[in-house]
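> model the following, please.
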Amino acid sequence: MKSEVKATKAPDIRERTFRFSVEVVNLCRQHETTASASRVVSNQLLRAATSIGANVEEAYGSQSRADFAAKMSIACKEARETRYWIRLAEACGLFRPTSLGDFDREANEIVAILTTIAKKCRT
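Numbers count the residues shown, from 1 in each chain. Have a look, this model is predicted:
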């Protein structure tokens, strides 16, 4: 995964989840297949990963603090689902020779960030 994190300032969560979506789209594009199982897992991964950023964007247009927290919680759930599909794809060897470790690490970090944001909004 191409990581261009600046040393001076980490990207905001909206930009980070957008970039993650782009990377997953590119990964799935590179590994398009007609095999049924591979296609299903790839589609699920694509849907879950791109949903993270979409829900984060929705959160920033929310009507209230509670609405913001709820949308961030949904984004976090999507990030957790993304981790599942990444693990499954890696365990089944669907994206070889690509290592999915970078994608898994980024999804884990996004889960941690979104969990923190959602918890802070509820207090």
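> what does the helix or strand hosting Ser21 rub up against?
According to DSSP states H and E, Ser21 maps onto helix 13-30. With C-beta atoms under 8 Å, 6 or more residues apart in numbering as the test, helix 13-30 has contacts from 1-2, 10-11, 42-43, 45-46, 49-50, 52-53, 56-57, 60, 75, 82, 95, 98, 103, 106-107, 110, 113-114, 117. The way it works is simple: take the backbone N, C-alpha and C, and place the C-beta from them, glycine included.
> narrow these to just the buried residues.
Buried members of the contacts of helix 13-30, counted by 16 or more other C-beta atoms under 10 Å: 1, 42, 45-46, 49-50, 52-53, 56, 75, 82, 95, 103, 106-107, 110, 113-114, 117.
> low-confidence ranges in this protein?
Residue ranges of the chain with pLDDT under 70: 1-11, 96-98.
> by residue count, which helix of it is the longest?
In the chain, with assignment by DSSP state H, the single longest helix is helix 65-91.
> who are the packing partners of that helix?
helix 36-59, helix 101-122 (3 or more C-beta pairs under 8 Å, 6 or more residues apart in numbering; DSSP states H and E).
> ok now the longest one, how far from the chain's centre?
Put simply, helix 36-59 sits 8 Å off its chain's centre (C-alpha atoms, centre = their mean, to the nearest Å).
> who touches that helix?
Residues outside helix 36-59 that contact it (C-beta under 8 Å, 6+ apart) are 13-14, 17-18, 20-21, 24-25, 28, 31-33, 67-68, 71-72, 74-75, 78-79, 81-82, 84-86, 88-89, 92, 94, 107, 110, 114.
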